[in-house]
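Peer 1: predicted model and sequence follow; I will ask about them next.
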Amino acid sequence: MAHSIVMPALEMAQETGKLLSWRKKEGETVTKGEPLLDVETDKAVVEVEAQADGILAGLKAREGDVIPVGQTIGWIVAPGEKPPVEEVAAASGRRMDSTPVVAASAVASAAAAAPAPVSGARVSPKARRLAKEHGVDLALVRGSGSDGEISAEDVMAFVATGGSAAGTAVAPAKIQTSQAEAHATGALTQIARLMAERTTQGWTTAPHFFVSRDIDAGALLSARKKFGPAIEKERGVKLSHTDLLIAAVARALEKHPLVNASWTGSGIQQHPEINVGIAMAVDDGVVAPAIPATNKKKLSEIAALRSDLAARARANKLRPADLAGATFTISNLGMYQVDAFTAIIVSPQAAILAVGRIADRVVAVDGKSAVRPMMTLTLSCDHRVFDGARAALFLNDLAAAILEPEKLL
């Protein structure tokens, strides 16, 4: 029996995926569970496995094609079997229809909630959603796609230039980039483009405020020296300061569920699990894979999982499950010799912790000057979910855990 290969939905709100490569050629034998193709999503490059044994046949998409979720791109058939006859639009070097395959009821609901298209111009589902979130009148947006199609990038460009539902249409020359400019700046990958879009969304929709705390990291350094060798022997990975911070943050979040919550648009959603995401730099931007149920993990487990996530992020081998479900994020730039910084909240999370480097500073200890290894933590917060007092209490408990890390372990 023939098994269809479809563009998978690898993350929430995904509409399309870019086919980067086929791991097998048409006519070759494939085994269930082996890597079959690589797909680029909004957040990462994901390796997709074969779902059946058989022969790869009837390929309908080529490397570089952007394909709607749910669309058939090939078949796995039994020896001697032919793939079903099916009319599937091939990209052939162009962008394929961005409309995903979804339930009819969902389409009807989305259409009812979305702004009406302009003069018959097509509007991608993501563009409709972003227009609604940012209060953009689509009649004022000029589409850059074929036949004037309005894309998510067109909406975000309109927002970035100050456009709004009540604003004045921005001249097309200010929105669109000339071919010469595009060549000079270089085309963005989907990961980099979506990172820019989501950063803009997070910054413009969440009312940020920031609280900072300088903390003595001496006990943290001692804990790393004390527990590091045993963890390296047991797990084969080096214990990092980030691992200790992840453990401390997870425990502090247990006491402060609102810091681990999300704004839904109509209220606050508290999450039953604590899944700490770790911001990691990759070639095309930043990804933030999460450690599930972080507060229930031992330090050695956290170190092993963090090391594995970092290795697979560098190799573009993160799985969909790695990128889903983070409820809080840590961004550590200490290894780049950054003293302190503020980070942008990853929507729909309510907070992100920015971590600076550990460096010797002269501070007052018991009324006398002393040199201590200090670091600065800055918590970016969504004021819709919790206020400054709760943010300060969270930092107090986090600081207490860092000052006495052995109590965590």
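Peer 2: Right, received. Where do you want to start? Residues are numbered from 1 along each chain as shown.
Peer 1: tell me where the stretch 151-300 of the chain is predicted with low confidence.
Peer 2: 153, 156-157, 159-194 (pLDDT under 70).
Peer 1: that one: strands as residue ranges?
Peer 2: With strands called from DSSP state E, counting those that start in this stretch, the stretch 151-300 of the chain shows them at 208-216, 261-263, 268-270, 276-278, 280-282, 285-287, 290-291.
Peer 1: format the ones you listed as JSON lines; extra columns: mean neighbour count and distance to residue 234.
Peer 2: Every C-beta, even on glycine, is put in place using the N, C-alpha and C of the backbone. Below are the strands of the stretch 151-300 of the chain laid out as JSON lines (neighbours: other Cβ atoms under 10 Å; distance: least, Cβ to Cβ, whole Å):
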{"stretch": "strand 208-216", "mean neighbour count": "16", "distance to residue 234": "28"}
{"stretch": "strand 261-263", "mean neighbour count": "21", "distance to residue 234": "34"}
{"stretch": "strand 268-270", "mean neighbour count": "14", "distance to residue 234": "35"}
{"stretch": "strand 276-278", "mean neighbour count": "26", "distance to residue 234": "21"}
{"stretch": "strand 280-282", "mean neighbour count": "17", "distance to residue 234": "24"}
{"stretch": "strand 285-287", "mean neighbour count": "19", "distance to residue 234": "27"}
{"stretch": "strand 290-291", "mean neighbour count": "24", "distance to residue 234": "18"}
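Peer 1: ok, which of these comes nearest residue 50?
Peer 2: Using Cβ to Cβ as the measure, strand 285-287 is the one of these that comes nearest residue 50, at 24.8 Å.
Peer 1: hang on, the earlier thing: okay, the strands of the stretch 151-300 of the chain in TSV with distance to residue 233 next?
Peer 2: Below are the strands of the stretch 151-300 of the chain laid out as TSV (distance: least, Cβ to Cβ, whole Å):
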stretch	distance to residue 233
strand 208-216	29
strand 261-263	38
strand 268-270	39
strand 276-278	23
strand 280-282	25
strand 285-287	30
strand 290-291	22
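Peer 1: for the stretch 251-400 of the chain, just list every one of the helices.
Peer 2: 299-314, 388-403 (DSSP state H, counting those that start in this stretch).
Peer 1: helices or strands next to the first one in the packing?
Peer 2: So the one you mean is helix 299-314. In this structure, helix 299-314 makes packing contacts with helix 218-235, helix 241-255, strand 276-278, strand 280-282, strand 290-291, judged by 3 or more Cβ pairs under 8 Å, 6 or more residues apart in numbering; DSSP states H and E.
Peer 1: go through it and flag the buried ones.
Peer 2: 299-310, 312-313 (16 or more other Cβ atoms under 10 Å).
Peer 1: pLDDT below threshold where in the stretch 301-409 of the chain?
Peer 2: Answering for the stretch 301-409 of the chain: no residues sit below the bar, that is pLDDT under 70.
Peer 1: quick one on the thing from earlier: need the buried residues of helix 299-314 in CSV (columns: distance to residue 6).
Peer 2: Formatted as CSV, those follow (distance: Cβ to Cβ, whole Å):
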residue, distance to residue 6
299, 41
300, 39
301, 35
302, 35
303, 37
304, 34
305, 30
306, 33
307, 33
308, 28
309, 27
310, 31
312, 24
313, 26
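Peer 1: out of the strands of the stretch 151-300 of the chain, flag the one nearest residue 253.
Peer 2: Distance to residue 253, taken as Cβ to Cβ, is lowest for strand 276-278 among the strands of the stretch 151-300 of the chain, at 7.7 Å.
Peer 1: same for the closest one, what does it pack against?
Peer 2: helix 241-255, strand 290-291, helix 299-314, strand 328-332.
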